[in-house]
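*Asks:* could you look at this predicted model? Sequence included:
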Amino acid sequence: MRRVLSGSLLSVFLLSAACLTSDSAAAAPSLPDTLRSTAASLRDEALQGTRAFEIVRSLTVEVGPRPAGSEGDRRAVAWGLRTMRELGFANVRAEAVKVPHWEPGVSTGDITSPWAQPMVLLPLGGSVATPDGGIEAEVVSVPSLQDLEKTAPETVRGKIVFLNKRMERARDGSGYGETVPGRGRGAIVAGKLGAVALLLRSVGTDNNRTPHTGAMRYEEGGLRIPAAALSNPDADVLEAQLASGKPVRFHLVLGTRTLPEADSANVIGEIPGREKGDEVVLLGCHLDSWFPGTGAIDDGAGCAIMMEAARRIGALPQKPRRTIRVILYANEEFGLSGARAYAEKHAGELPKHILAGESDFGSGRVWRISSSVAPEALPLFDELAKLLTPLGVERGDNEADGGADLSPMAPARVPLIGLSQDGTYYFDWHHTANDTLDKIDPKDLDQNVAAWAAVAYAAAEMPGDFGRGPEPARE
């Protein structure tokens with residue numbers, strides 16, 4: 001039934017509606033105009049050129065490969081301390097971390113029959129060595145880890161398992177998550193089935209004879225079999241020989257060794273806040289790398305991006321309200337040692353970490369911004385995200401993981417930001433000898449700096465905050 005309001009009632013209704021609209025507008029989160037203007041200036045000026053490429057060039061040229069526990073790792077810590085001081089950071093320090101120390105040694109592989117050919121491979125990080133003289137055995141091919149888990153033991157007992165899953169190329173790197181479990185757990189599963197070694201098609205999207213290493217693991221008390229990754233072209237040759245129907249034999253020699261834990265450190269520098277110095281916006285990256293390349297894209301680029309973004313904020317006439325803390329984490333690649341140490345040492349401070357993000361996906365341009373903040377803070381984060389619209393960055397979801405080094409902070413529900421980079425070609429070079437400086441476009445680095453400088457400044461300067469992140473998912 002339609003009811004007509006009297007004039008007086010209609011006036012009261014309209015007045016009440018206007019008041020509610022006004023109150024809602026007043027309560028809506030908003031970034032102050034002066035903040036927007038400064039963030040936009042940081043963004044636009046970075047596009048005109050930054051020091052980021054100079055920073056990553058210095059790291060790759062003066063330090064080079066820096067696996068956890070190595071001499072390169074120690075040089076990298078010294079480099080980080082020196083460079084942060086030169087860039088004007090305050091409170092520069094090294095926080096000690098114990099890290100694993102594993103060395104790849106010299107490794108070789110050959111198909112011995114039916115058609116003998118040398119193969120190009122690398123040991124997987126953490127693999128045990130082969131016995132003196134190596135291992136020679138027949139090869140059995142399995143399409144994926146899931147298929148291996150369903151394989152009868154008699155099929156692989158005494159043989160070398162060849163996990164032959166190809167990684168798919170994708171801008172968001174999603175093919176990595178679908179393929180990398182074979183690298184991480186393949187040796188565990190194959191060992192339980194009685195295999196004598198594991199060969200893996202490299203977890204990478206290239207067709208170069210540059211195999212991709214990366215961390216693998218064993219179960220406590222379980223059988224430890226040697227594990228290595230073949231370059232994709234060499235995996236193709238092995239696949240073709242197996243397709244002939246003839247028995248294929250392979251000779252594998254891995255000269256790896258595991259040494260006692262070594263000393264390393266998280267390298268930390270800050271832009272101290274002018275009013276709320278105890279509240280922290282954390283910008284993370286990792287300082288270590290794998291052994292074959294110079295760690296330019298993984299993760300020298302990320303370190304350069306975060307250091308330069310913070311440096312530019314620190315050069316403003318007025319520092320932001322909150323502290324911006326840059327952390328060059330130790331040993332991300334081989335167990336998150338630095339990340340775990342930081343979360344433990346700074347546990348009492350984590351409730352005052354108002355936002356954290358990590359750059360660890362090469363140097364490709366940022367194309368998406370995601371969050372993990374309190375639901376009621378999403379409108380405020382949306383305001384922050386709009387600062388990146390001129391860079392061609394789209395708004396993502398509220399399920400950002402922030403980066404591997406931030407995962408140990410999950411119980412403290414630290415709000416997270418994720419700036420997704422274009423990873424179309426990242427896995428052509430990831431964990432290979434081709435991870436070198438020439439793969440980086442300085443202009444792409446500048447776009448990353450522009451994005452991080454704008455959002456980090458806004459988060460450090462804004463009047464409100466993002467609450468606490470959602471409850472971590474329970475397994």
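*Replies:* Alright, I've got the coordinates.
*Asks:* near the closest residue to residue 297 other than its chain neighbours, how many other residues are there?
*Replies:* If the residues on either side of it in the chain are set aside, residue 297 comes closest to residue 362, at 4.0 Å by Cβ to Cβ, 6 or more residues apart in numbering. Yep, even glycine has a C-beta here, placed from its N, CA and C like the rest. By the measure other Cβ atoms under 10 Å, the count of residues near residue 362 is 28.
*Asks:* residues touching residue 300, list them.
*Replies:* 56, 59-60, 289, 294 (Cβ atoms under 8 Å, 6 or more residues apart in numbering).
*Asks:* 7 Å instead?
*Replies:* 56, 59-60 (Cβ atoms under 7 Å, 6 or more residues apart in numbering).
*Asks:* and the end-to-end length of stretch 372-384?
*Replies:* 13 Å (Cα to Cα, to the nearest Å).
*Asks:* which outside residues touch it?
*Replies:* 28-31, 371, 395, 398-400, 402, 415-416, 455, 458-459, 464, 466-470.
*Asks:* what residues of it count as buried?
*Replies:* Buried residues in stretch 372-384, defined by neighbour count with 16 or more other Cβ atoms under 10 Å: 372-374, 377-378, 380-381, 383-384.
*Asks:* try stretch 118-130
*Replies:* Neighbour-count burial for stretch 118-130, counted by 16+ other Cβ under 10 Å, picks out 119-130.
*Asks:* so who does residue 459 touch?
*Replies:* Here residue 459 is in contact with 281, 354-355, 384 (Cβ under 7 Å, 6+ apart).
*Asks:* among the residues you listed, name the buried ones.
*Replies:* Here, 16+ other Cβ under 10 Å leaves 281, 354-355, 384 buried among the contacts of residue 459.
*Asks:* out of the contacts of residue 300, who's nearest residue 176?
*Replies:* Nearest to residue 176, judged by Cβ to Cβ, of the contacts of residue 300 is residue 56 at 22.0 Å.
*Asks:* in which helix or strand does the closest one reside?
*Replies:* Element membership for residue 56, per DSSP states H and E: helix 52-62.
*Asks:* again with residue 326
*Replies:* Per DSSP H and E: strand 322-329 holds residue 326.
*Asks:* residues in contact with that strand?
*Replies:* So strand 322-329 is contacted by 80, 89, 266-273, 276-277, 279-287, 303, 306-307, 310, 313, 338-339, 342, 354, 405, 456, 460 (Cβ under 7 Å, 6+ apart).
*Asks:* now the helices for the stretch 51-200 of the chain?
*Replies:* Remark: helices assigned in the stretch 51-200 of the chain by DSSP state H, counting those that start in this stretch are 52-62, 71-86, 145-149, 153-156, 174-179, 181-192.
*Asks:* how about stretch 64-84: buried residues?
*Replies:* Under 16+ other Cβ under 10 Å, the buried positions of stretch 64-84 are 64-70, 72-74, 76-77, 79-81, 83-84.
*Asks:* got the domain ranges for this structure?
*Replies:* The chain breaks down by automatic domain parsing into domains covering 33-102+260-461, 105-255.
*Asks:* let me have these in a markdown table, adding mean pLDDT as columns.
*Replies:* Formatted as a markdown table, the domains of the chain follow (pLDDT from 0 to 100):
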| stretch | mean pLDDT |
| --- | --- |
| domain 33-102+260-461 | 98 |
| domain 105-255 | 97 |
